[in-house]
Structure formats: C-alpha cells, structure tokens
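# Please find the sequence and the predicted model below.
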Amino acid sequence: GMAGLIVRTALGPARTRGPCPRLLLRQLSSPPHQVLGIPADASSGQVDRAYLSLSLAHRATAHDALALSPAELDERARIFHAVGTAYDELTSAQPEALSESGSGTDLPPFPQPQRRATARVGVQDEGAAPPPRVPSPVMHPAHHDQLVGEPMYVPPSLRVVHEWMRRLPDLWDQVLGHTWDSLIHKLLREDKLSEAFDCFEEMKSEGESPTTSTYEMLIRGCTLAMTRVSPDDPHPDRLTTFLYRRVLRLWDEMRSRKVRVDRFTYIELLRACGKAGQVDAAFLLFDKMLSLPQFLPDERAFDSMYELCSHAGAHDRALDVFREHRDLRKSLFAPRVTPAAFTHLMLAGVEGGQMHRLDGVMDEMERFRCFPTKGTCSKLFAAALEQDQLGVADRVLGIGSRVGYTPDQLLLDRYEAQVEAKRLHANGADGSAGQQAQ
C-alpha cells in the first residue's frame, strides 16, 4: 500500500537492478531470461520491467563517454546490446499490437508513422526519399549563445528563494502527506524511471485513478530517458524505440480511461516524437492542436516543433511552422517567439538553403530586440551571399550594425561584386526593353 511504498521510496528500491556487470558479461550466451534476471515463466510485464531497469542502468550516456575508460564503455555497450537482444527474443513471439484504431489515438504506430493528409507543411509523397539530414550544423540549436540577450543580474537572495521554491513540493509532502503523484514525481526527479512505472502500476492496483498530471509526468520521464536521433544515425536505438512505444501505450490508456487531455499533454507528446525522430507523427499532433481552440500551441509547443525540425534536417518545414506561428501572433492568443525559436530558424536559413524566407524572422527579431551575435551575423551574411539573396544580406547588415558587426574584407568584396553584377544585369534588361519599345 501507500505506507509501504513511501518507506521503499525513502530507503531506495528493495530489489536490485539486475545482475552486476561482470555477472552479465558471463551470462551473455545464456538463455534470454537469465540475461534479464527473470524466471522462465515471467509475464510480459516482468520482461518489460527487467529490460527497462537493465537498459537504463547499463547504457552509456554522454557523461559516461567522458568519465569512463574505453574498456568500460565497451563493456557497457556489450551488456546493453545483450539485454536488448534478450528482450527481442522474449517478445518476438508475441509482438506488441500498436494500432491507432480502437481507442481513438492520434499517434501512429512506431516506426512507420502515417503521412500527413494536409498539404500545409509540405508533405512528401509515399515513395519519396526522406528529407536530407544536415551532417554538421553551423549553429547549435540547443543553446541560446547565438543571440545577444539582455544582461540580467540575479541577487543572491533571489537564488535562495528559487532554491526554496524548488524544494517546496517536498515540504508540502512532509506536511500534508505523500500522494501517488508526488511519489512518482520524486522518483522521476531522482532518475528512477523504472521505479516510477512500478509506482504507477501499484497506484492502479490500489484502485486509484491516474490523473492527467500522472500521465504527463511519465511521458516526460520517457522522453528524458530517450537518446535523440543524430544526423549520422537517424534510426532510434532499441531503448528509445521501447520508450516511444511506452509513450504510445500511455497515450492510448489516457484515451481509453477518458482522462482529460490539455495543451500540456500535447506538448509532452510533441517532445517525445521529436526525441524519437518521428517528425510526421509530431506534425499530426501539431495540426490537431491548430484545429482546436482550447489546444492552440503556445511558445513551448512551437519551440518543440522548431527543435525537432532542426534535428531532423527538415528546415523547410520549420519555416512552415513559423508561418503558422506568425499568423497565430495576429490573434488574441499571440504566442511569443523565444530566443530558442530564433536560433532554430536561423539554422534553417543557413543550413537548409532557406535564406529567402528569413525576412519575417528578422522582422520578429527586431520587434523583440533579440539580435544575433557577431559570429552568427557573419554566418548569416555568408549564407545570404552564397544563396544569392542580396536583400537578406542587406537586412543582416542592418541588424548586425546594432551589435557592432562589420564583415571582413573578403565578404565585403564578394558582396560588392554581386551588387555590381545585379546592377549591370538590371541596366542590360532596361536597355533591351527600351530597344524593343523603339
């Protein structure tokens, strides 16, 4: 019950997270149920729990790549692969039936999402190749250091208040008593996703009905545990595939239980689709949000769409999203454009060959007084010249003058040569037109 779960949460999980690494290495050739540390007659739920716990414990994160030796990284990779192979062998006889029919889910099954029916964001044909991925982006979309922000001083007293506010939920739990949602939130904050799902299952077995916040927290936990697809490997790994399927099951369960869905639910689903590289599924959800007034996307939803388009190399679709964003800003809802959105949109112009579509983006940058840094201005100016967009290059010079940007002599010579060529071309066209008139 609740009391026992609170004690187990405070003392840590009673069960182990599976065999130790050395024991697992010796068991790589053993039957799959022994690799996962479960009995031969284990249920599908036990198989899922064992795989999730072991894969999270033995995967190599970006931090591990810097902290561990090559031998330790190789050991983790072997264990991670063995655990995934064992899970595939145990679940291949009874594949999970993921279908959007039956409960009205709006998400397509992984890994073959449906094509979007609307032509608003430029859907490809069924037989068309996927959009090319950018091998090495010039600007990193995850950081805001490409932009000049307003300097802000935070007094030390406010930092203390911020830390106190962060601990406020735990203080309320101590005063008012723990709830199922607070326990799940505590486990997720401690990076214990498997234990959070155990708490979730025990919550349902005790007759408690999960709330919207419960499902949103678990979807967010799955998203944070995923490994984002990279340009070098556009296919998600086995753990990300498993977690994406778990997100689909949570979404399907929400619909079957008729749990209230709000804008934040859709935002969490957008982030999960983006982390797993499911661009078409994300656009299905995004179109759904645009069609319902109560779910109109806010700046967080737009930032999620810009981010997933940047990582997927779908730069033209990111600018299509901006067109929707700008149209929505004309309404009373008026979601703002954040610095992260400007970074992704500038990346779309530079890397995606879409500089001719950045006029509206620069208008919003001037309106919000959020200007690019000198280095970013140089990249934008060079990309505009390379794509033969002199009008955009002039805009970049105008914006760059506000942050003290001056192009180097090589770019200036190139710019003046293109301006002169354009002037000669215009004079030649006017002369031929005059001769024809005579």
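The structure has been received and is ready for your questions. Numbering: from 1, shown residues only.

# Would you mind measuring from Phe47 to Thr91?
For residue 47 the amino acid is Val, not Phe. Distance of Val47 to Thr91, computed by CB to CB, to the nearest Å: 6 Å. Heads up, the C-betas are built off the backbone N, CA and C, glycines and all.

# Which residue of these two possesses the greater neighbour count?
Val47 (19 against 16; other CB atoms under 10 Å).

# Do I have it right that the more buried one meets Gly37?
No. Counting by CB atoms under 8 Å, Val47 stays clear of Gly37, with 10.8 Å between them.

# what stretches of the stretch 301-438 of the chain score poorly on pLDDT?
Of all residues in the stretch 301-438 of the chain, those with pLDDT under 70 make up the ranges 429-438.

# now with 50?
Under the criterion pLDDT under 50, no range of the stretch 301-438 of the chain is flagged.

# and if you look at the stretch 1-150 of the chain?
7, 10-18, 23, 26, 93-106, 108-150.

# now with 70?
Scanning the stretch 1-150 of the chain for pLDDT under 70 picks out the ranges 1-29, 93-150.

# residues contacting Lys204?
Contacts for Lys204 were tallied using CB atoms under 8 Å, 6 or more residues apart in numbering; they are Pro210.

# now swap in Ala383 and tell me
Residues in contact with Ala383 (CB under 8 Å, 6+ apart) are Gly349, Val350, Met355.

# In PDB, list the C-alpha atoms belonging to the helix or strand harbouring it.
For Ala383, the host element (DSSP states H and E) is helix 374-386. As requested, the backbone C-alpha atoms of helix 374-386 are provided in PDB (Å, rounded to 0.1, in the frame of the first residue of the first chain):
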ATOM      1  CA  LYS A 374      28.700  39.000 -34.400                       C
ATOM      2  CA  GLY A 375      29.700  35.400 -35.200                       C
ATOM      3  CA  THR A 376      26.200  34.500 -36.100                       C
ATOM      4  CA  CYS A 377      25.800  37.600 -38.300                       C
ATOM      5  CA  SER A 378      28.900  36.500 -40.200                       C
ATOM      6  CA  LYS A 379      27.400  33.100 -40.900                       C
ATOM      7  CA  LEU A 380      24.100  34.600 -41.900                       C
ATOM      8  CA  PHE A 381      25.800  37.200 -44.200                       C
ATOM      9  CA  ALA A 382      27.900  34.500 -45.800                       C
ATOM     10  CA  ALA A 383      24.900  32.200 -46.300                       C
ATOM     11  CA  ALA A 384      22.900  35.000 -47.900                       C
ATOM     12  CA  LEU A 385      25.700  35.700 -50.400                       C
ATOM     13  CA  GLU A 386      26.100  32.100 -51.200                       C
END
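
# for that helix, which positions count as buried?
For helix 374-386, the neighbour count (16 or more other CB atoms under 10 Å) marks Thr376, Cys377, Ser378, Lys379, Leu380, Phe381, Ala382, Ala383, Ala384, Leu385 as buried.

# Compare the contacts of Ala383 and tell me which has the most neighbours.
Gly349 (27 neighbours).

# starting at the chain centroid, how far to the helix or strand containing that residue?
Using DSSP H and E, Gly349 sits in helix 339-351. Relative to its parent chain, helix 339-351 has a centroid offset of 15 Å by CA atoms, centre = their mean, to the nearest Å.

# Does Tyr244 touch Gln278 like I think?
Yes. The criterion here is CB under 8 Å, and Tyr244 meets it with Gln278 at 7.1 Å.
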